[in-house]
Every structure is written in structure tokens, then in C-alpha cells.
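1. below are the sequence and a predicted model; questions follow.
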Amino acid sequence: MSFDLDLILDSIPKMLMGLGLTLQLLFLSLAIGTALAIILLLMRISGRWFLSAPAMVYIYIFRGTPILVQIFIIYYGLPQLELVRESILWPILREPFGCAIVALSLNTGAYVSEIFRGGVLGVDRGLKEAAAALGLSARQRFIYITAPIAIRLSLPAYSNDVVSLMKSTALASTITLLDMTGIARTIVAETYAPYEVFLSLMVIYLVLTWMIQRSFGWIEKRMSRHVRSEI
Amino acid sequence: MEVLTGWWDDFFWGSLVVVELFFVALILTVLFGLIGSAAKLSKNRFANAIANGYTIVFRGTPEILVLLLFYFGSAVALTAIAQVFDPEVKFVDFPPFWAGSLAIALIIGSYATETFRGAFLGVDPGQVEAARALGLSNLQTFIYVRIPAMWRLALPPFGNHMLSLIKDTALVAIIGLEETLFVAEQAIGYTAKPFTLYLVVGTIYLGFSTIITLTVMLCEKYANRHLEIAK
């Protein structure tokens, strides 16, 4: 057993060819998942049981099962149902890429909506009461008072979830997609050099994690600039 | 449901493997978490650096990559060692159960490290000083004062780590451990009913998640029983 430096230099550019796919998976499912999370959040805080109960069940199911099982159900499982094969969604669900996006978005939506809910619950009651006393309607209170503060409160947890989602995109390699992990697995199958390939890929993922954390650190700092100026 | 005829016992044994994997990994997770948090809190700069490196690497890279590295990496290393003694040997692999539980425990252990560190810091220093004043040794202070006070703080986040742990056990099917997801894959080979069978796996995991959530709730109630009177 030896550590083959040439192989590392050879395989890093190959794996980086999958970076585009990894980033597509990340940003698309983050956007769709966040939108879904907002809908779920509004359902949960609506105060109407027929809206909040389905949202709670949804969150319970998607947070209680492994993402890998969710990906398998969507990619391998759904084509079993005729209903799915004849639906308009079939062009998306036929492709592994579409399935990965759907699975990752549905999963992230459940996690992020809980984070947002924590943010909304963290908003000081007094502020909402003050807004009500000023004559703002419920909708205005949510948009102008609750939402901006809740977003700031939930940012740190949200950034952790973006990192989790980035790590979950690696599971797309299990449904034949050639993201960075998929390419690495192909190289290892050919060369049988797991240390060289997987360790260098881990470094690439660490850089991505670091970049996500730095960007969110910058956004957090910017969003709480009014707090710093008081000190 | 008739799809499942003849597969019930396989799913039962598969679930048992999940439970075994969960408990082995859980014990190791607590161990890694305690060692990691002790290293982070120690004044030794070398220990600090190692523990920081540990949490950065294992929290910042995809779980599946760590698992693949452990499984294939150990197989390559073991094969190389075996070939020193017997050149005829072609392939020796590390049991997937142990490669899996070690990889998962190291990953969740890195999260537990941060949780335990925070919980130890949350213990009132006055209590530790009081224990010293009473003449308790370092070990006695640790066992009778720090641990009982810290586990109450660590319990809610640790409950979440246990949920991540049970869900990560699904990944071990990728390296060929005969747990529920693996059983489902085999059953699909015979029945061609992927949706139904993966749904069974999902339901099994949802059951496990529910049990863990309820157990953590009970533990939290037990841990905070002295606060009940104050309510």
C-alpha cells in the first residue's frame, strides 16, 4: 500500500468536473426547499387545524426517515405506480437528477420549516403587541415585524442546514448521478485507491463547507449591524 | 401487503441489525463525544488542535464519503497486511458492521463533542468549587457533580444526535450490511415492487425515530424531576 501522489493530482480535476452538478443540486433544492419551508411554516402558524395538522405530519415523516430511503422511494419506488407514470411530473421523476432534486427539496423543506418556526417563536411578544397597538393588520405585522426578526434569528441554524444539504447531495451518487462523490466512486472502482481519492474529495467538501459558513457569517454580521452600532 | 409474504422475517432480522448497529454506535458516540469535549476543554494546546481538527473534518464532509473511506480504506489496508503473510490472499475486508458503526460513531461523535463541551461549560462553576471545598477528588467531582449537572443540559441536543444516528444506519446498506434497506433491495429483486418495499423500510425507521423521541422525552422529564415542584 502506497500513497500515490500522481493519482491525486490526476483525480482532483476529474472530481471537480462534478462540482457543477453538486452545486446545482445544492442551490436548486435549497431554493425549492426554502419555498416549501415557508409554506409549511405558514400552515403551522395559521392556527387552523386542517392546515397545521398536515404540515406537522409532513414534517414528522420527512424528519423521521433517512434521506437515503426517501431518495430510493422517489427514484426506484414511484415508477411502480401507474398514477405517477401518467402524471405531468413524470418527465421530472423519470430522470435521476429530477428525483434527487425532489427528494432533497422535500427533505430540506421539513427541516428548514422547523428552523423558521423557532425563529418566529423567538420574536419578542412585546414587538408584536406594539405593532398591533399601532394599528398594523395581522398580515402587516407578519411581513414588517415578525419576518425580518425571525429571519435574523434563524440564520445560524439555517446555515447549518445548508451544510447538511450540501453533504446530502453526495447521496445523489447512489442513484447513478455523477456528482463529485459519484465520480470519486467510479475512480475508486477503477484504481482501487480509496485513500487517495476519498481523502482528497473530503478536502474539497471541507472547502465548500468553509465557504458556506463564511458567507453566512458575513450575512449574519451584516444583518445584525444595528446591534453592533449600539455598543 | 401480500408482497411482503415470506419477507417479514428478513425485515425483522434487518431491523435487529439496525438496533444492534444503533446501540454499538451510540456507545462509541458517547465515548468519542466525551473524549472530544475533554480535549477541547483541556488546557493542552495539542489536544485542542486534534479535537478541533476532528470536529471540523467529520462535521464538514458527507457521511457517505466517510463510510466509503472507512470500508474500502480498511479493506485495502487489511489486504496489504494479509499479503505480507500470505501472498496468495486476494481480498480481505473489514466487517461492514464494524466499519459502519465506527464511521457513524465518529461522525455523530463530532457533533456530540460540541454538545458535551457546551453542556460542561454550562455547569455552574460554584457547584464544582463547592465539591472541591468538600474535599471531593477530581474523579469524584466529575462523576458526582459535573456529569449529573451536564447531562440535563446535553439531553435535548443529544436526542437530536440519536435521531441522526438511527437515520445514518441506513447508509450502511451501501457497503453491504444486511439491514432493512438491504433486505428491501433483495426483496425487490424477486417481487419488483420497489415502492411498497421501500415504504416498509421508511415505516420501520419512522417507528424507530418515534421510539427515540419518546424515550428522550421521558429522560428529560426524569432529568428535570427536581424542577417539577417549582412549577
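-> Perfect, I can see it now.

2. poorly predicted segments of chain A, please.
-> Scanning chain A for pLDDT under 70 picks out A:1-2, A:228-231.

3. could you find the closest non-adjacent residue to residue 170?
-> Looking at chain A here, since you left the chain open. Spatial nearest neighbour of residue A:170, excluding adjacent residues (Cβ to Cβ, 6 or more residues apart in numbering or on different chains): residue B:62 at 3.5 Å. All C-beta atoms are positioned from the backbone trio N, CA, C, and that covers glycine.

4. actually it's chain B I care about, not the one you picked
-> Residue nearest to residue B:170 in three dimensions, not counting chain neighbours: residue A:66, with 3.7 Å by Cβ to Cβ, 6+ apart.

5. tell me how many other residues crowd the closest residue in space to residue B:94 that isn't next to it in sequence.
-> Closest residue to residue B:94 apart from its sequence neighbours, by Cβ to Cβ, 6+ apart: residue B:74 at 3.8 Å. Applying other Cβ atoms under 10 Å in any protein chain shown, we find 19 residues neighbouring residue B:74.

6. re earlier: surely the residue nearest to residue A:170 touches residue A:181?
-> Yes - the pair residue B:62 / residue A:181 is scored as a contact, 6.5 Å apart, by Cβ atoms under 8 Å.

7. wait, does the lengthiest helix in chain B contact chain A?
-> Determined from DSSP state H, the single longest helix within chain B is helix B:8-41. No - using Cβ under 8 Å from any Cβ of the partner chain, helix B:8-41 stays clear of chain A, coming no nearer than 10.3 Å.

8. buried set for that helix?
-> B:10-11, B:14-15, B:17-18, B:21-22, B:24-26, B:28-30, B:32-40 (16 or more other Cβ atoms under 10 Å in any protein chain shown).

9. how about stretch B:180-194?
-> So for stretch B:180-194, counting by 16+ other Cβ under 10 Å, buried means B:180-185, B:187-188, B:191, B:193-194.

10. could you say what helices and strands the helix or strand harbouring residue A:116 packs with?
-> In this assignment (DSSP states H and E), residue A:116 forms part of helix A:96-121. The helices and strands touching helix A:96-121, judged by 3 or more Cβ pairs under 8 Å, 6 or more residues apart in numbering or on different chains; DSSP states H and E, are helix A:19-44, helix A:49-64, helix A:67-72, helix A:90-94, helix A:147-168.

11. any idea how far the closest residue in space to residue B:165 that isn't next to it in sequence is from residue A:149?
-> Spatial nearest neighbour of residue B:165, excluding adjacent residues (Cβ to Cβ, 6+ apart): residue B:108 at 4.8 Å. Applying Cβ to Cβ, to the nearest Å, the value for residue B:108 to residue A:149 is 32 Å.

12. with neighbour numbers in mind, choose between those two.
-> residue B:108 (26 against 16).

13. now do the buried residues in whichever strand or helix holds that one.
-> Assigned by DSSP H and E, residue B:108 belongs to helix B:96-122. For helix B:96-122, the neighbour count (16+ other Cβ under 10 Å) marks B:96-97, B:99-117, B:119-120 as buried.

14. go on, stretch A:105-124?
-> Here stretch A:105-124 shows A:105-117, A:119-120, A:123 as buried, counting by 16+ other Cβ under 10 Å.

15. what does stretch A:122-133 give?
-> So for stretch A:122-133, counting by 16+ other Cβ under 10 Å, buried means A:123, A:128, A:131.

16. which ones among those lie within strands?
-> Secondary structure from DSSP state E places none of the buried residues of stretch A:122-133 in strands.

17. out of these, who's nearest chain B?
-> residue A:123 (21.2 Å; Cβ to the nearest Cβ).

18. I figured the closest one hits residue A:151, correct?
-> No - assessed by Cβ under 8 Å, residue A:123 is found out of contact with residue A:151, at 10.3 Å.

19. re earlier: and the helices and strands packed on helix A:96-121: which comes nearest residue A:226?
-> helix A:147-168 (9.9 Å; Cβ to Cβ).

20. what angle separates the closest one from helix A:19-44?
-> Note on geometry: by axes from the mean of the first three to the mean of the last three Cα atoms, to 10 degrees, helix A:147-168 and helix A:19-44 are set 140 degrees apart in direction.

21. and helix A:147-168, what does it pack against?
-> Helix A:147-168 packs on helix A:19-44, helix A:96-121, helix A:194-223, going by 3+ Cβ pairs under 8 Å, 6+ apart.

22. and the longest one, what does it pack against?
-> If contacts are counted by 3+ Cβ pairs under 8 Å, 6+ apart, helix A:194-223 sits against helix A:5-16, helix A:147-168, helix A:180-191, helix B:45-60, helix B:63-85.

23. how about the nearest residue to residue A:178 once chain neighbours are set aside, phi and psi?
-> Closest residue in space to residue A:178, ignoring its immediate chain neighbours: residue A:18 at 5.7 Å, by Cβ to Cβ, 6+ apart. For residue A:18, the backbone dihedrals (degrees, to the nearest 10) come out as phi -90, psi 0.

24. and what of residue B:62?
-> The phi/psi pair for residue B:62 (degrees, to the nearest 10) is phi -60, psi 140.

25. what number of residues lie near it?
-> A count of nearby residues for residue B:62, using other Cβ under 10 Å, gives 25.

26. same check on residue A:99?
-> When neighbours are counted by other Cβ under 10 Å, residue A:99 registers 25.

27. isn't it up against residue A:74?
-> Yes - the pair residue A:99 / residue A:74 is scored as a contact, 4.9 Å apart, by Cβ under 8 Å.

28. now list whatever residues contact both of these two.
-> By the contact definition Cβ atoms under 8 Å, 6 or more residues apart in numbering or on different chains, residue A:99 and residue A:74 are jointly contacted by residue A:93.

29. what's the pLDDT at residue B:106?
-> pLDDT for residue B:106: 96.

30. how about the nearest residue to it, chain neighbours excluded?
-> Nearest non-adjacent residue to residue B:106, counting by Cβ to Cβ, 6+ apart: residue B:58, 5.7 Å away.

31. could I have the CA atoms of stretch B:135-150 written out in PDB?
-> Output of stretch B:135-150 as PDB, limited to C-alpha atoms (Å, rounded to 0.1, in the frame of the first residue of the first chain):
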ATOM      1  CA  GLY B 135     -12.800  17.600  49.600                       C
ATOM      2  CA  LEU B 136     -14.000  15.600  46.600                       C
ATOM      3  CA  SER B 137     -11.300  14.300  44.300                       C
ATOM      4  CA  ASN B 138     -11.200  15.300  40.600                       C
ATOM      5  CA  LEU B 139     -12.700  12.000  39.500                       C
ATOM      6  CA  GLN B 140     -15.400  12.200  42.200                       C
ATOM      7  CA  THR B 141     -16.300  15.800  41.200                       C
ATOM      8  CA  PHE B 142     -16.500  14.600  37.600                       C
ATOM      9  CA  ILE B 143     -18.800  11.600  38.400                       C
ATOM     10  CA  TYR B 144     -21.000  13.100  41.100                       C
ATOM     11  CA  VAL B 145     -21.200  16.700  40.200                       C
ATOM     12  CA  ARG B 146     -20.300  17.500  36.600                       C
ATOM     13  CA  ILE B 147     -21.900  14.600  34.900                       C
ATOM     14  CA  PRO B 148     -25.300  14.800  36.600                       C
ATOM     15  CA  ALA B 149     -25.500  18.500  36.000                       C
ATOM     16  CA  MET B 150     -24.300  18.400  32.400                       C
END
